[in-house]
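Peer 1: could you work out the structure for the sequence below:
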Amino acid sequence: MSSRDQLSPFSYVVLILVGEGGAAPHDLIRMMRTGRVYWTAAPSHFYAEPKRLATLGYLSAHKEPGRTRERTVYELTAKGRRALAAWLAEPSGFIRIQNEPAVRLLGADLARNPAEVRTSLAAIRGEIEELTEGLDRSAEIAPSLPHREGYLEINSRLSRRILTAFSDWLDEVERELSQEPRA
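Peer 2: Purely as a prediction, here's the structure:
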């Protein structure tokens, strides 16, 4: 099996989002934007990965009418369900974090002025608001997915704690970078 044929963590994200009801790439992108506290990827990946997974037999594809043109809807195959069941049973590792804001703070001593880093990081507050609004929208949608509603609620609580933690971290960063530089 070549590396091109192997499943990545992102492959499992796509398989789970396709779920029992099926999904088109546009649906996957909408779900990703709402849940990007958990996982984010370029929209192009949400178009390419389902095609790849269908080629490998983990998803099936069929056409359905869309608003303006036909859309491809993907559904789990028996092979996809087996792969998901095996992956879900494996021990999970700790979260993988690519935390650009933490790296920016780490480099604050290299900035022309630490206040610029403080201003740069403060921009995250708008994203935190946007993500919170997305969680609110997800909470409204959750009852329409009774098979996942409880799991969505648990994840929503985690997401809100993550956003609160980042907001608290930003408060700390702003206080620290407002002080005189350390010797």
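Peer 1: what helices or strands is the helix or strand L88 falls within leaning on?
Peer 2: Secondary structure assignment for L88, by DSSP states H and E: helix 78-89. Helices and strands touching helix 78-89, by 3 or more CB pairs under 8 Å, 6 or more residues apart in numbering; DSSP states H and E, are helix 9-18. (C-beta placed from N, C-alpha, C; glycine too.)
Peer 1: flag every buried residue along the helix it packs on.
Peer 2: S11, Y12, V13, V14, L15, L17, V18 (16 or more other CB atoms under 10 Å).
Peer 1: relative to helix 78-89, how tilted is it?
Peer 2: Interaxial angle, helix 9-18 versus helix 78-89 (axes from the mean of the first three to the mean of the last three CA atoms, to 10 degrees): 110 degrees.
Peer 1: just want the most central residue of this structure.
Peer 2: Nearest to the mean C-alpha position of the chain, by CA atoms, centre = their mean, lies W39 at 2.1 Å.
Peer 1: out of the helices and strands in this protein, which is least certain?
Peer 2: helix 25-34 (a mean of 84; mean pLDDT, DSSP states H and E).
Peer 1: other residues contacting that helix?
Peer 2: Helix 25-34 is contacted by residues 14, 17-18, 23, 39-41, 43, 46-47, 50, 71-72, 74, 134-135, 137-138 when judged by CB atoms under 8 Å, 6 or more residues apart in numbering.
Peer 1: and with 6 Å instead?
Peer 2: L17, P43, F46, Y47, P50, G134, S138 (CB atoms under 6 Å, 6 or more residues apart in numbering).
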